[in-house]
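>>> Got a predicted structure plus its sequence, pasted below:
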Amino acid sequence: MTKSFAGLLEYFVVTFALKEAGYSKETLRSYYTAVEQYIQWVCRIRSIPVEDVDVTCFRKDLIRAFLIHLEENGQVSVSTRNQRRAAIVSFLGYAREVCPLYANAYVGAQSIKVKKTPKPDKSFLTVDEYECILSSIDINKRNGLMHYLLVTVLYDTAARVDEAVRMNLEDFSFGTDNSIVIFGKGSKYRRVYLTSHSVKVIKEYMKRTGRNSGAVFLNKNCKRISDSGIDYVLKKYAAIAAERMSSIKEKTISPHTLRRSKATHMLLNGASLPVIQRFLGHESIQTTEAYLDAGSEAMVQAVAEAEKQLIEKGVVTPNIPDWHDQNVLQRLKQLANR
């Protein structure tokens, strides 16, 4: 095998990362993008063609300058900066095993510290805010029905954005078993059952488009939509909805916001954490507890508000937890003090 940079990168992407290291295709794609981005930057600042890239292009000072460049220009978040660093370290870790000349480059890259990421935003939408966003979509406009379906499915299935990207129409099952099989994190599958509203929208979408296979969500070029494309669509309608409901302006709206909102609404309606864990596809229940931030002041306030709305609508039954119950409040308090 050639020890040129091009040969190393090709083997890393095609064979090592996917087959030997066991990286998922999503991780592999992001790692390749990171290395490619770094190489383009190095070539630009050193005024060299890509054919001249070698081990000298992976000095510690260059890698650090690249990461600083990304942050200073507002191109990426701290977490993405850390991912770019991890990708370069991973590649150099492989390269040093094949070509010892890369050993010092690996040590230098690995010594660059991982930055502490800001505390993640754990805000969620109320049911009214979610419905306001949904009602802002005109299904009679071009792609309107698909966008309506996108927001509906993101919320009802609590799918991660990359899971939504991978969804195919043949993943849906109708009849006595209205559900979708989601290909999730860690290359694992889970079945999520659909609401009658989702089923109605999906069937109407398939009827109008005349499609029953292939990618569910498409971009303007009729290709499978990307992560950023989904984020753009959601933010577009959230901005429209915010003109009618000011509280939406105060929240960070992303596909992940819908996922957390669905999980939160399940909790407020009495679903147990193990049920929510399975629904979200989390490996551990601790992840689900941290994800929901069930002990936060915002959550306690939401619980109180949920109870008020239930009483006003006259739908409180013995099967719905009484949020004034001391056991429930004690549970929230314990989570808050962890």
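Perfect, I can see it now. Numbers count the residues shown, from 1 in each chain.

>>> tell me the contacts of residue 33?
Contact analysis of residue 33 by Cβ atoms under 8 Å, 6 or more residues apart in numbering lists residue 87. For every residue, glycine as well, the C-beta is placed using N, CA and C.

>>> Residue 226 and residue 220: what is the separation?
To residue 220, residue 226 is 12 Å away according to Cβ to Cβ, to the nearest Å.

>>> higher neighbour count, those two?
residue 226 (14 against 9; other Cβ atoms under 10 Å).

>>> right, and the more buried one touches residue 166 too?
No - applying Cβ atoms under 8 Å as the test, residue 226 and residue 166 come out as separate, 11.3 Å apart.

>>> Could I get the full set of strands for the stretch 51-200 of the chain?
Here the stretch 51-200 of the chain has its strands, by DSSP state E, counting those that start in this stretch, at 172-173, 179-183, 189-193.

>>> Adding distance to residue 68, write those out as TSV.
Listed next are these as TSV, based on distance: least, Cβ to Cβ, whole Å:
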stretch	distance to residue 68
strand 172-173	46
strand 179-183	36
strand 189-193	40
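
>>> Find me the pLDDT at residue 58, would you?
Taken from the predicted model, the pLDDT recorded for residue 58 is 94.

>>> For residue 283, grab the count of nearby residues.
Residues lying near residue 283 (other Cβ under 10 Å) number 11.

>>> and if you look at the one 4 residues further on?
Neighbour count for residue 287, taken as other Cβ under 10 Å: 13.

>>> Show me the shaky parts of the stretch 201-338 of the chain.
293-338 (pLDDT under 70).

>>> mind running it again at 90?
220, 228, 250-252, 264-278, 281-338 (pLDDT under 90).

>>> So which of the strands of the stretch 51-200 of the chain is nearest residue 115?
strand 179-183 (31.1 Å; Cβ to Cβ).

>>> In terms of secondary structure, what does that closest one contact?
The contact analysis (3 or more Cβ pairs under 8 Å, 6 or more residues apart in numbering; DSSP states H and E) places strand 179-183 against helix 144-157, helix 161-166, strand 172-173, strand 189-193.

>>> Looking at those, which one is packed in the most?
Compared across the helices and strands packed on strand 179-183, helix 144-157 shows the largest average neighbour count, a mean of 21 (mean count of other Cβ atoms under 10 Å).

>>> contacts for it?
Residues outside helix 144-157 that contact it (Cβ under 8 Å, 6+ apart) are 130, 133-134, 137-139, 159, 161, 164, 167, 180, 182, 192, 194-195, 197-198, 201-202, 204-205, 208-209, 216-218, 230, 233-234, 237, 255, 258-259, 261-262.

>>> Then stretch 233-245?
128-129, 132-137, 147, 150-151, 154, 225, 248-249, 253-255, 258.

>>> What residues of that stretch count as buried?
233-234, 237-238, 240-242, 245 (16 or more other Cβ atoms under 10 Å).

>>> quick one: which of those is nearest to residue 61?
Of all those, residue 234 has the smallest distance to residue 61: 39.6 Å, by Cβ to Cβ.

>>> I am finished for the moment; much appreciated.
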